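Enquirer: Based on what follows, work out the 3D shape:
(chains A and B)
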Protein chains: 2
Amino acid sequence: MELVKIGIIHSPYKTKEEAPRQGADSEEICYIEIFEDYINGLKDIEEAKYLIILYWGHQSNRETLITKTPFSDVPKGVFACRSPNRPNPVLLDIAELIDLKGNVLVVKGLDAIDGSPVIDIKPYYERIDIPKGLQEKIFEEQSK
Amino acid sequence: MELVKIGIIHSPYKTKEEAPRQGADSEEICYIEIFEDYINGLKDIEEAKYLIILYWGHQSNRETLITKTPFSDVPKGVFACRSPNRPNPVLLDIAELIDLKGNVLVVKGLDAIDGSPVIDIKPYYERIDIPKGLQEKIFEEQSK
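Expert: Numbers count the residues shown, from 1 in each chain, chains lettered A, B, ... in the order given. All right, here's what the predicted structure looks like:
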């Protein structure tokens, strides 16, 4: 299972220490440059308001299985937390799509370090990306 | 960027045709077997009600960049839809964690074909996995 780099993230976070804990905590604008070979895959992407961004944690430690989190003194398994250190550092952010300029997605909501390789982009769909139990509350609210 | 297989999905869907379009459409119980080398990463996972499951689309076509979707006659870019065919077939489901039996996660909400390789498991967090605009509605509703 070999991944190809479909693009690169340009972010204001130059080091791990500068990056926010989660993309949801970021108000910064970031730029996702999609490489020429993959540009056709962007067709109609501007229909999406939010995107799921999968990127590669190129500075992650892949040997870590148990890790300390900022929320507790008790270490957790990496599959029970969102640490960037994990066997396959495929990291995930839900970002807001602000603009599309040619092959560059202008987004808000990334915690990625500048230069992170992009693996995949998917449109975020409320119907499938919010668990049904929580979804019902949103739909009820929206239909009022 | 080489991925390791951390486990395997056991699902009732033996072929692409049998699998539902989206995991959210599935009421079937599936079993995610985590391999021995990665079991420690599961510590405290039972605290999560929902999980983000990343798995490998081992039957995906990685050359596809534009594809027909079930929702329109106009083909879309693969980054603008949720087709399993894409340059890096890292597929994503939000699943409900029903039980943990040793190294096996019992879940509901997968569209994966039986035998799909597991790439990563992350806990789903409302605060970061629901875009803020939608989140506010949920939190308002919950605090009533």
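Enquirer: confidence score at the spatially most central residue of chain A?
Expert: By CA atoms, centre = their mean, chain A has its centre lying nearest to A:D93, at 2.1 Å. Looking at A:D93, its pLDDT reads 95.
Enquirer: Confirm that it sits in a strand.
Expert: Yes: checked against DSSP: H, G, I helix; E, B strand; the rest coil, A:D93 lies within a strand.
Enquirer: ok, now which ones touch it?
Expert: Applying CB atoms under 8 Å, 6 or more residues apart in numbering or on different chains, we find A:D93 in contact with A:Q22, A:G23, A:A24, A:I52, A:I53, A:Y55, A:G109, A:L110, A:D111, A:A112. Every residue, glycine included, has its C-beta placed from N, CA and C.
Enquirer: which one is it nearest to, not counting chain neighbours?
Expert: Nearest residue to A:D93, sequence neighbours excluded (CB to CB, 6 or more residues apart in numbering or on different chains): A:G23, at 3.4 Å.
Enquirer: So what does that neighbour look like in phi/psi?
Expert: phi -60, psi -30 (degrees, to the nearest 10).
Enquirer: So what sits opposite the residue nearest to the centre of chain A in the bridge?
Expert: A:I53 (DSSP bridges).
Enquirer: What is the burial count for A:E63?
Expert: 8 (other CB atoms under 10 Å in any protein chain shown).
Enquirer: For the residue nearest to A:D93, grab the count of nearby residues.
Expert: A:G23 has 26 nearby residues by other CB under 10 Å.
Enquirer: Counting neighbours, which of the contacts of A:D93 comes out on top?
Expert: A:L110 (30 neighbours).
Enquirer: on that earlier part again, reformat the contacts of A:D93 as CSV; add pLDDT and distance to A:G77.
Expert: Below are the contacts of A:D93 laid out as CSV (pLDDT from 0 to 100; distance: CB to CB, whole Å):
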residue, pLDDT, distance to A:G77
A:Q22, 83, 19
A:G23, 77, 22
A:A24, 79, 22
A:I52, 98, 23
A:I53, 98, 24
A:Y55, 98, 22
A:G109, 90, 26
A:L110, 93, 25
A:D111, 91, 21
A:A112, 93, 23
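Enquirer: Mind checking which of these land in helices?
Expert: Assigned to helices by DSSP state H, none of the contacts of A:D93 qualify.
Enquirer: from those, which two are the most distant?
Expert: Maximum pairwise distance in the contacts of A:D93, criterion CB to CB, is 15.1 Å, between A:A24 and A:Y55.
Enquirer: Need the CA coordinates for the helix or strand harbouring A:L97. CSV is fine.
Expert: Element membership of A:L97, judged by DSSP states H and E, is strand A:90-101. Taking Å, rounded to 0.1, in the frame of the first residue of the first chain, the C-alpha atoms of strand A:90-101 are listed here in CSV:
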residue,chain,number,x,y,z
VAL,A,90,-2.7,9.6,7.8
LEU,A,91,-3.8,12.8,9.5
LEU,A,92,-7.3,14.3,9.1
ASP,A,93,-8.8,17.8,9.2
ILE,A,94,-12.2,19.1,8.4
ALA,A,95,-11.5,22.3,6.6
GLU,A,96,-13.6,25.1,5.2
LEU,A,97,-13.2,25.7,1.5
ILE,A,98,-12.8,29.4,1.1
ASP,A,99,-11.8,29.6,-2.5
LEU,A,100,-10.3,27.7,-5.4
LYS,A,101,-7.6,29.4,-7.4
